[in-house]
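K.L.:
starting from these lines, generate the structure:
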Amino acid sequence: MLFSSPVFVFIFLPIIILINLLLPIKLSNIWLLLASLVFYAWGEPVYIILLLISSLVNYFFAILIKKNDEKKPAKKAYLTLNIIFNLGLLGVFKYSNFVIDTINNLLNTNIDLVDIALPIGISFYTFQTMSYVIDVYRNKVEVQNSYPKLLLYISFFPQLIAGPIVKYRDIEREIDNRTVNLNKMTLGMERFIIGLGKKMLISNTMAFVADSIYALEAYQINAFVVLIGAISYMLQIYFDFSGYSDMAIGLGKIFGFNFLENFNHPYISQSIQEFWRRWHISLSTWFKEYVYIPLGGNRKGKFRTVLNKIIVFFLTGLWHGASWNFVVWGLFNGLFLLLEELVLKLKKWPRFIRHIYTITIVLISFIFFRADTMSQALDFIGGLTNFSTMSPEVSGLMDTLINVKFIFILILAIIGSTPLVKRLLDRININLKFIFLIIVWILCLLNLSAATYNPFIYFRF
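P.N.:
Numbers count the residues shown, from 1 in each chain. Got it, this is the predicted structure:
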């Protein structure tokens, strides 16, 4: 089920909210758990079994680790088995065909690909369960002896499908002790409407242009075409994913949960390092806390620091998808992060130049992310140096794509990717803010009634 679907907005969400308001916390937990399972099963009921098995196995592993708290070898062995189990699930369902395809290409073999679909949200809930068990191992959280409560944490519908990746310790107390009041619900609805607007009004408009351009053949593109496509996709993915995060955070607040922020205006960054402190914050902090620091972080010399960061960005790329495009995207970002640390003296650069540099690197990196194949990515990057004239066919397409609506939304998106809009909303009269939100809500409803299926980008990760 999509947040940006009529079924969710007009039926599912109102029913869940109204009934939840009538229940005490204990019954609310059961109600929200049932709602979350229905929400997940709506799109692919078969894979709810996988979610239940994964959560149950992690539940028992956490208990075993806690029971062996004084027996270090056994405790470590259970953690190792747990990590193998979780990564094994990801390996089977997400990377089987990627591995087979890579072997076929390298060894010129003809191994058949497996007929297996990627369960929606598996990357997110697997990382959440792993963080919970690891935190139990590190004695950062108490083990949760109630399986339904742990399952609620793992399957809670606002963040189940596409994050943010919520650590158990961030909402541990709120599972049993939370308040739902008018102020929280109002703030939650405001955040949800803003997120829905990002998706329906901005991201979907940018997606139409980006998809049209990325459907072109290599001989049809030049620098202008590639630039429009790349900028459109940069804005599409930001407003798509930050919009989903806004909706998830808003929905969490409606039900009394406080999720941490996942985006902090990454396109105002002055470096790639700053960009990754602002982009997909929950994933960045997850890799830092559960991979980078355990590998040694920056405590074991410069060579190990560099190696650890390369490993982290390799895994970051691979986490996003079973394709070498994503791996290259991750390593490309990692390369420039290391260059900034070891070679580039960005602090000496003018702020404007630092910003142009950062946006350029991010724009190029997202070409790898969006392209269907590595060959297409290289063609599009090469197209940035092609200043030939467009064919009449492509020129006609661009005239159609770059219309008044697109230009207006483009300007709105650029402004909206900065803190300016948030600061304005925080300062304006409450009545003006209410009018703004009503206008956004009405425009979203109009788009909902006319929209076709438009899943969030991160559903496929």
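
K.L.:
can you get me a residue count around residue 85?
P.N.:
18 (other C-beta atoms under 10 Å). All C-beta spots, glycine's among them, are computed from the backbone N, C-alpha and C.

K.L.:
show me what contacts it?
P.N.:
57-58, 61 (C-beta atoms under 8 Å, 6 or more residues apart in numbering).

K.L.:
now do the buried residues in the helix or strand containing it.
P.N.:
Following DSSP states H and E, one finds residue 85 within helix 72-107. Using 16 or more other C-beta atoms under 10 Å as the test for burial, helix 72-107 gives 75, 78-79, 82-83, 85-86, 89-90, 93-95, 97-98.

K.L.:
ok, stretch 214-226 next?
P.N.:
Buried-residue list, stretch 214-226, by 16+ other C-beta under 10 Å: 214, 216, 221-222, 224-226.

K.L.:
filter those down to the ones in helices?
P.N.:
214, 224-226 (DSSP state H).

K.L.:
biggest separation within the buried residues of helix 72-107, which pair?
P.N.:
For those, the maximum inter-member distance is 35.4 Å, found between 75 and 97 (C-beta to C-beta).

K.L.:
how is this protein carved up into domains?
P.N.:
6-179, 184-460 (automatic domain parsing).

K.L.:
next one: the helix or strand just after the helix holding residue 85 to chain centre, how far?
P.N.:
Counting by DSSP H and E, the element after helix 72-107 in chain order, helix or strand, is helix 122-137. How far helix 122-137 lies from its chain's middle: 16 Å, per C-alpha atoms, centre = their mean, to the nearest Å.

K.L.:
alpha carbons only: can I get helix 122-137 in PDB?
P.N.:
Taking Å, rounded to 0.1, in the frame of the first residue of the first chain, the C-alpha atoms of helix 122-137 are listed here in PDB:
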ATOM      1  CA  ILE A 122      13.500  -6.200   3.300                       C
ATOM      2  CA  SER A 123      16.600  -3.900   3.300                       C
ATOM      3  CA  PHE A 124      15.100  -1.600   5.900                       C
ATOM      4  CA  TYR A 125      13.600  -4.100   8.300                       C
ATOM      5  CA  THR A 126      16.600  -6.400   8.100                       C
ATOM      6  CA  PHE A 127      18.900  -3.500   9.100                       C
ATOM      7  CA  GLN A 128      16.500  -2.500  11.900                       C
ATOM      8  CA  THR A 129      16.400  -6.000  13.400                       C
ATOM      9  CA  MET A 130      20.200  -6.300  13.100                       C
ATOM     10  CA  SER A 131      20.700  -3.000  15.000                       C
ATOM     11  CA  TYR A 132      18.300  -4.200  17.700                       C
ATOM     12  CA  VAL A 133      20.200  -7.500  18.300                       C
ATOM     13  CA  ILE A 134      23.600  -5.800  18.100                       C
ATOM     14  CA  ASP A 135      22.500  -3.200  20.600                       C
ATOM     15  CA  VAL A 136      21.300  -6.000  22.900                       C
ATOM     16  CA  TYR A 137      24.700  -7.600  22.500                       C
END
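
K.L.:
now that helix: mean pLDDT?
P.N.:
For helix 122-137, mean pLDDT rounds to 95.

K.L.:
quick one: distance of the following helix or strand past it to the chain centre.
P.N.:
Sequence-wise, the next helix or strand downstream of helix 122-137 (DSSP H and E) is helix 147-155. Distance of helix 147-155 from its chain centroid, counting by C-alpha atoms, centre = their mean, is 21 Å.
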